[in-house]
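A.B. asks: missing the sequence, but the structure's below:
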């Protein structure tokens, strides 16, 4: 398997785990009637914004998708849709971050709006990644050349997402450590959600 394909799949798996962890964390706090650790949620959403939105998507839209468009007319509409998803994803994460801030500042009256925004974002993103893995990655394996893969492998190998198993840059090592240590057990290593 091409290195780029494995990196994309690893990054998708890491993001899926993060999004599902947020979902589980919110459900646990809702069930117990407690407020979440807002700092932990901010750190988790910052990760989603920083890595997938700014690094992962950018490389797909600027490198992988143009190579596919150059090699085959198949799936151009799908590639356009995925590019549009990437653009919308940046706006959607801002909406989620704003809804989290409103929940933190305004309290319980904003919980439902934040949870709904988060749920819509998780559903949107999981569907987006499933479509890429089901349609785009197999197409890329069929039509891209050895030279295409060399360029993509060189570019994607610089992502260094610790949650996807790479050795992160120092600044991000602190972010990942903070997330793991702040998020309550059993999702992270932090204290359990109060009963």
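C.D. replies: In hand now; what should we look at? Since we're looking at a predicted model, the values are computed, not measured.
A.B. asks: remind me which residues of this structure are low pLDDT?
C.D. replies: 1, 53, 160-166, 168-169, 171, 184-191, 193-195 (pLDDT under 70).
A.B. asks: tell me which residues in stretch 141-152 are buried?
C.D. replies: For stretch 141-152, a neighbour-count test (16 or more other C-beta atoms under 10 Å) marks 144, 148, 149, 152 as buried. Just so you know, the C-beta spots here come from the backbone N, C-alpha and C atoms, and that holds for glycine as well.
A.B. asks: and the last one, how close does it get to residue 68?
C.D. replies: So that's residue 152. 11 Å (C-beta to C-beta, to the nearest Å).
A.B. asks: before we move on, back to that, so which of the buried residues of stretch 141-152 comes closest to residue 158?
C.D. replies: residue 152 (11.3 Å; C-beta to C-beta).
A.B. asks: overlap in contacts of residue 152 and residue 68?
C.D. replies: Here residue 152 and residue 68 have residue 144 as joint contacts, going by C-beta atoms under 8 Å, 6 or more residues apart in numbering.
A.B. asks: distance from the chain centre to the strand or helix carrying residue 138, please.
C.D. replies: Assessed by DSSP states H and E, residue 138 sits inside helix 137-143. Distance of helix 137-143 from the chain centroid (C-alpha atoms, centre = their mean, to the nearest Å) equals 22 Å.
A.B. asks: just stretch 71-81 next, same as before
C.D. replies: Computed by C-alpha atoms, centre = their mean, the separation of stretch 71-81 from the middle of its chain amounts to 23 Å.
A.B. asks: residues touching residue 151, list them.
C.D. replies: 63, 67.
A.B. asks: helix, strand or coil for it?
C.D. replies: Three-state assignment for residue 151 (DSSP: H, G, I helix; E, B strand; the rest coil): helix.
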